[in-house]
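K.L.:
Starting from these lines, generate the structure:
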Amino acid sequence: MARRPSPLKRERTQRAEEIRAQYTEVAGTRETLPFNQINARVNGDTRELNEQHVIELMESVEILGLISPLTIDREGTLLAGGHRRAAIQKLAELNPSRYKDHFGEGVPVYRLDLIASEAPVEALQVEIEENTQRRNYTAEEVKTAAKKLEAAGYEKLKGRPREGQKSLKRALQRIFKLSDRRIQSILNTPETDPQRHQPHPINAQSVKTAKKRAVKHLYGLESQLSQWSDSTPAHQDALRKIREALEALNKL
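P.N.:
Okay, the predicted model is just below:
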């Protein structure tokens with residue numbers, strides 16, 4: 001017989017589920033907060049910050065802004081997004097004008113209704129959830145980011161980038177956390193020509209041409225139905241409607 005979990009464990013599990021549900025709900029909304037009001041985690045990150053990753057993130061934030069907002073607790077303490085917070089801080093130090101462009105009105109955040117210092121288990125749960133639950137970005141969003149990166153010098157490369165080269169595909173993988181195959185598929189999808197699906201502009205000439213074609217077609221149908229020897233009520237009704245349509249078109 002399976003052992004029932006202790007009351008404390010059940011309580012923690014229930015609280016973790018509540019936080020997970022709240023995180024999912026809040027993922028659709030966000031607010032902005034001055035960077036100096038976003039505090040570092042109470043007990044530091046579960047993973048030591050990778051300086052190279054911070055630099056790479058800073059480069060993408062510099063071009064694209066913040067793709068995924070930070071997650072904070074009720075008091076503004078960081079719950080998820082340590083590398084992103086460090087990247088924003090580094091951008092402020094190295095390129096203040098670009099930092100102001102993106103974050104002059106504040107840094108995008110999700111705020112959860114808990115206090116990290118009072119609920120360390122739940123805070124850790126949010127940090128872990130953040131690494132496994134990310135918003136699904138559309139192919140168009142990825143393509144828009146790719147265009148910005150290309151304009152900034154990132155390239156579609158085959159194999160390892162040589163010294164001085166920046167791989168577009170690798171940058172997109174880091175930013176959006178998508179597989180190599182998915183990124184490649186998006187990049188290989190041809191652009192949709194917006195003009196291709198645009199209706200032709202309506203003007204007097206186009207209306208006149210359409211009317212002429214319709215009248216010619218209806219006269220042809222009227223002629224065929226008039227010669228039909230096996231007349232039925234349905235046949236007569238169709239003939240009547242065609243003549244009414246011709247009359248209406250001729251009045252235009």
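K.L.:
Now do residue 112 against residue 80, distance only.
P.N.:
9 Å (C-beta to C-beta, to the nearest Å). From N, CA and C alone the C-beta is placed, and that goes for glycine too.
K.L.:
so where's the stretch 151-252 of the chain shaky on pLDDT?
P.N.:
191-204, 225, 228-231, 235 (pLDDT under 70).
K.L.:
which stretches of it form helices?
P.N.:
168-176, 180-188, 204-226, 233-250 (DSSP state H, counting those that start in this stretch).
K.L.:
Of those helices, which stretch is the most buried?
P.N.:
helix 168-176 (a mean of 20; mean count of other C-beta atoms under 10 Å).
K.L.:
domains for the protein, by residue range?
P.N.:
With domains defined by automatic domain parsing, the chain comprises 14-131, 139-189, 203-250.
K.L.:
Could you pull out the strands in the stretch 51-200 of the chain for me?
P.N.:
70-72, 78-80, 107-111, 154-155, 166-167 (DSSP state E, counting those that start in this stretch).
K.L.:
wait, which of the ones you listed is closest to residue 56?
P.N.:
strand 166-167 (9.6 Å; C-beta to C-beta).
K.L.:
Okay, now the sheet partners of the closest one, with direction.
P.N.:
strand 154-155 (parallel) (DSSP bridges).
K.L.:
Other residues contacting the partner strand?
P.N.:
By C-beta atoms under 8 Å, 6 or more residues apart in numbering, the residues outside strand 154-155 that reach it are 161, 165-168, 171.
K.L.:
again with stretch 227-243
P.N.:
So stretch 227-243 is contacted by 218, 221-222, 225-226 (C-beta under 8 Å, 6+ apart).
K.L.:
what's the span of stretch 62-77, first residue to last?
P.N.:
End-to-end span of stretch 62-77 (C-alpha to C-alpha, to the nearest Å): 24 Å.
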